[in-house]
Every structure is written in C-alpha cells, then in structure tokens.
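Trainee: The following comprises the amino acid sequence and a computationally predicted model.
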Number of protein chains: 2
Amino acid sequence: MSLMWSVKVVGLGVVAFSLSLELLGWLFGHLRHKRTLNKVLFFPSEVACVEHLFSPNSARACFCPLPHGVETSFSRLLCHILSATSSLDLCVFSFSNMDLSRAVLLLHKKAVTIRVLSDKDYSAITGSQIGILRKAGICVRFDVDSAYMHHKFAVVDGRLLITGSLNWTLTAVQSNLENILITEEAELVQPFIKEFHRLWVLNDPARFYKNLISDDEH
Amino acid sequence: MSLMWSVKVVGLGVVAFSLSLELLGWLFGHLRHKRTLNKVLFFPSEVACVEHLFSPNSARACFCPLPHGVETSFSRLLCHILSATSSLDLCVFSFSNMDLSRAVLLLHKKAVTIRVLSDKDYSAITGSQIGILRKAGICVRFDVDSAYMHHKFAVVDGRLLITGSLNWTLTAVQSNLENILITEEAELVQPFIKEFHRLWVLNDPARFYKNLISDDEH
C-alpha cells in the first residue's frame, strides 16, 4: 500500500471516529433529556383504595368499600412520595391528611431521613398530623418570622420536586380544585433545595435558645 | 483524475456533509434547550417601587418613598405578567393585590385577551379586585362545583406558565413565605392550558341558563 493510500485511510478513519463520537453524544443527551420527569396532577382526585401502595408485597386482598386497582391523582402523588429512598424534605402549610402522614411515617421506619418545616399556627389546629410525626421521632421545625409559612412543597432524595397549590389535607385532595407539579428539572429543583436549607437553618430552635441565654447574660 | 480518486473524494465529501449536519443539529438542539425558561421566585418580596414597569417609556421620575431601581421577586413576577402580548389566562383563588390588578387592567387596555377564573366565595370578600376587572369589561367566570377553586396559576400567551403557592394578595407578596415557578417547559405548560380550558367551558354561565330554561320547560 502506498503512503498516500495510508494517509487517506487514516483520514477517513478519523472522520468516521469523530462522527461516531458526535452521534453517541447526541444520543446520550437526547436520552438524558427524555428521562427528565415533568408531570402535572390535578385535583380533586377520584377516591380509590391506596392500601396496596403501603404494602405492595402483601398477598392479602383489601376488602374496603372503595374502588380497587384505580390509578388516581392522589395515588400517583403517594407513589412519588413513597419512592424516597434516602431523604424527604417537606415544607407544608397545613398537614392533616392521614394517608400522607402514614406515607411519611412509613418512610421514617425505612430509615429515610425526614425533615418537616411547617407553619406554627396551622400545626396546632385539630387534625394536624405534625404532632404525630414529632412523636414518631421525625425532626420538625416551625417558621416563626413570617405571617404564614404558606409553601406546599416536598423534595424527594434531593432530586424530585413536588410542589403546587395543594395543602396536605383531605379537603384539598378530595374536594378542591388544586394542582401538583412533579419535576426533576434541575433549574426548578435546586432553588427549592436551597430555600429549604435556608429556612431549616433559620428556624433551628438552638439559635433561639442561644439568643435567649445570650440575652439573659447581658 | 482517475475514477477511484473521484469515488474517494465524493465519499469524503458525503462524510463531511453528514458530520456538519449532525453538528448543526446538536448545536440547534442545545441552543433550543438552553432557551427554555425555568425560574423560581421566593417570597416575601422586598418592597420597592414598581412604577417604571407600568410606564417604561415615561420620562417622569417617581418620587414615592419606596426604594427605586431595585429588582425584587415581585417586580420579576410583574414583568412576566406584563410580557403578555396576546393572551392571559388567570386562574386564582384570591385576588386583592392592587398592583397585580393594575397589571391585568393595563394588558386589557392593550387589547390582550384576558380570561379570569376565580373562587365564587373569595371573589366577594372586601378588597377583592375581581369586581373591578369585571367592570372594566374583562371576562370573569366562577367555579361553582368545588369546595374551593384553590389554583393560583396564570398562562401568558399560551406559552409561559406562572404557578405556585402565592395568591394574588398583598399579604402573600409582602408577608408570607411563598413560591412562584415560571416555566416554558411544554410538558408542564400544556396540562395547565388544557385544565384551564376544561374549567372555562365547565363554568360557562350560558350552560346554567340553558339548563334553567330547559328545567322550566319540563
């Protein structure tokens, strides 16, 4: 083979290689973009049995009078919350829904790190689940500075944002017109993670005790 | 030039052409993805003058006592609402914020098609701007079926979704912990457009009158 032939073959090889790399990069980017979850749920939700979500491996059939095997906005919301494997950061104004409370307690039992930030006034109303979460050993903090801590968002595993108009109550789920947006879009998730961290540190009770002791000393 | 040489040159040309196409496609996709707006605003907002947003071409300086030239969460929210050029679909539980009302009225004057869907009970409370919008000729409908019409979202020009925990009130903007998510992500915007349309048709007063007449006839 002449020298010129070799140069041509090597040149063609380089072009083919760069083309393959480009194609692979494009395919990878395309697939990654496709995998980013973006979903919207609307409420009120149909009412259906969600028992199977709490014990998916149980062989026992549920005999409650609610419809079974129906996928609803609420069952989809529950699924996303129960998908947590390492952490759940919850920042919610009003929390009285017993199924959502049960989901959080189940995750806590599975050693998922739970942090709950809530509104101090609304945590004291009848039916609030905040006291039950606290008694189970879940770390809860209250916002003390603002008129209302009106957020209704959760971050699952530092990756998935669940946010919207829906408070974690039975009325919101079954009777109101509400929305929940579920996304993995980093540009949307990251600011919520940052804001949760800011509020969590800001409302650390240790800071108040420290200030109290420091005030007493002066 | 020999035939073999021509074949090689044409082959190389084809490879180079497909490579360029691939690169252009990748660059275009990359730029298009970058342009999709995804933004989060947190509240309470700093309080600052927003007069310049209502009359951006005015040479008159504003002498109000509020800070000037400060960009805040609220001024950013106002900017996105005022960016509407063809339509604004608004679905909001409580609407008493006068600056937001002024923005909607300004868009109406500029012939932007405005549709407002609100909660029937909360529209009647003192300070609600819903009556003022109606008097200005803006089309308003009320949800009559649900416990609360608890949404707080807007769709600008069928393209930009503004949604979150924030009601369109002064307390929400200046005193509460709230969030607003602004996105052009089609997977998130389209379901809200569809839901707005569903609720708009569902709460058409003509349907009730029709039913009323039909009931009287039987």
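Mentor: Perfect, I can see it now. Numbering: from 1, shown residues only, chains lettered A, B, ... in the order given.
Trainee: what number of residues lie near residue A:60?
Mentor: 7 (other Cβ atoms under 10 Å in any protein chain shown). The way it works is simple: take the backbone N, C-alpha and C, and place the C-beta from them, glycine included.
Trainee: Now do it against chain B, distance only.
Mentor: Computed as Cβ to the nearest Cβ, to the nearest Å, the residue A:60 to chain B distance reads 34 Å.
Trainee: Next, that residue: secondary structure please.
Mentor: coil (DSSP: H, G, I helix; E, B strand; the rest coil).
Trainee: same thing with residue A:127?
Mentor: coil.
Trainee: Now do stretch A:191-200: distance to the chain's middle.
Mentor: 13 Å (Cα atoms, centre = their mean, to the nearest Å).
Trainee: so, in contact with chain B or not, it?
Mentor: Yes - using Cβ under 8 Å from any Cβ of the partner chain, stretch A:191-200 reaches chain B at A:191, A:192, A:195, A:199.
Trainee: and stretch A:131-144 with chain B, contact?
Mentor: Yes - with Cβ under 8 Å from any Cβ as the criterion, chain B is reached by stretch A:131-144 at residue A:143.
Trainee: So what's the residue count around residue A:23?
Mentor: 14.
Trainee: how close does it sit to residue B:26?
Mentor: 9 Å (Cβ to Cβ, to the nearest Å).
Trainee: same check, this time on residue A:51
Mentor: 48 Å.
Trainee: And residue A:2, by the same measure?
Mentor: 36 Å.
Trainee: can you give me the helices in chain A?
Mentor: A:3-35, A:51-54, A:73-82, A:98-109, A:130-135, A:170-174, A:186-202, A:205-217 (DSSP state H).
Trainee: Now render these as TSV, adding mean pLDDT and distance to residue B:17.
Mentor: Output for the helices of chain A, formatted as TSV (pLDDT from 0 to 100; distance: least, Cβ to Cβ, whole Å):
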stretch	mean pLDDT	distance to residue B:17
helix A:3-35	77	11
helix A:51-54	94	54
helix A:73-82	98	46
helix A:98-109	98	55
helix A:130-135	96	63
helix A:170-174	96	57
helix A:186-202	97	35
helix A:205-217	72	65
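Trainee: export those helices to CSV and tack on distance to residue B:208?
Mentor: CSV is the format used below for the helices of chain A (distance: least, Cβ to Cβ, whole Å):
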stretch, distance to residue B:208
helix A:3-35, 44
helix A:51-54, 39
helix A:73-82, 27
helix A:98-109, 35
helix A:130-135, 41
helix A:170-174, 24
helix A:186-202, 39
helix A:205-217, 53
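Trainee: Mind checking the ones you listed for the one nearest to residue B:163?
Mentor: helix A:186-202 (11.1 Å; Cβ to Cβ).
Trainee: for the closest one, which positions count as buried?
Mentor: Of the residues in helix A:186-202, A:188, A:189, A:191, A:192, A:195, A:196, A:199, A:200 count as buried by neighbour count, 16 or more other Cβ atoms under 10 Å in any protein chain shown.
Trainee: Pick out whichever of those sits closest to residue B:173.
Mentor: Once Cβ to Cβ is applied, the member of the buried residues of helix A:186-202 that ends up nearest residue B:173 is residue A:195, at 16.4 Å.
Trainee: That closest one reaches residue B:179, doesn't it?
Mentor: Yes - when contacts are counted by Cβ atoms under 8 Å, residue A:195 is listed as touching residue B:179 (7.4 Å).
Trainee: With residue A:12 as the reference, measure out to residue A:4.
Mentor: From residue A:4 across to residue A:12, the span is 13 Å (Cβ to Cβ).
Trainee: which one of those two has more residues nearby?
Mentor: Ranked by neighbour count (other Cβ under 10 Å), residue A:4 and residue A:12 place residue A:12 first, with 14 against 8.
Trainee: got the contact list for the more buried one?
Mentor: Going by Cβ atoms under 8 Å, 6 or more residues apart in numbering or on different chains, residue A:12 touches B:11, B:12, B:15.
Trainee: how much space is there between it and residue A:151?
Mentor: In terms of Cβ to Cβ, residue A:12 sits 59 Å off from residue A:151.
Trainee: Same question for residue A:55.
Mentor: 31 Å.
Trainee: again, but for residue A:45
Mentor: 21 Å.
Trainee: More neighbours: which of those two?
Mentor: The residue with more neighbours, out of residue A:45 and residue A:151, is residue A:151; 29 against 20, by other Cβ under 10 Å.
Trainee: Tell me the one of the contacts of residue A:12 nearest chain A?
Mentor: Ranked by distance to chain A (Cβ to the nearest Cβ), the contacts of residue A:12 are led by residue B:15 at 5.0 Å.
Trainee: Report pLDDT for the residue lying closest to residue A:203 once chain neighbours are set aside.
Mentor: Setting aside the residues directly before and after it, residue A:203 is nearest to residue A:141 in space (Cβ to Cβ, 6 or more residues apart in numbering or on different chains), at 4.5 Å. pLDDT, residue A:141: 97.
Trainee: try the one 10 residues further on
Mentor: Looking at residue A:151, its pLDDT stands at 98.
Trainee: Apart from its chain neighbours, what residue comes closest to it?
Mentor: residue A:91 (4.4 Å).
Trainee: my guess is the residue nearest to residue A:203 contacts residue A:201, does it?
Mentor: No - judged on Cβ under 8 Å, residue A:141 makes no contact with residue A:201 at a distance of 9.6 Å.
Trainee: list the contacts for the closest residue to residue A:19 other than its chain neighbours?
Mentor: Leaving aside its chain neighbours, residue A:19 sits nearest to residue B:19 (5.1 Å; criterion: Cβ to Cβ, 6+ apart). The contact partners of residue B:19, by Cβ under 8 Å, 6+ apart, come to A:15, A:18, A:19, A:22.
Trainee: same question, residue A:132
Mentor: A:101, A:105.
Trainee: returning to that earlier point: number of residues surrounding the residue nearest to residue A:203?
Mentor: 19.
Trainee: same check, this time on residue A:85
Mentor: 12.
Trainee: What are the neighbouring residues in contact with it?
Mentor: A:112, A:157.
Trainee: what's it sitting at in phi/psi?
Mentor: Residue A:85 adopts backbone torsions of phi -120, psi -20, taken as degrees, to the nearest 10.
Trainee: quick one: it and residue A:156, what's the gap?
Mentor: 9 Å.
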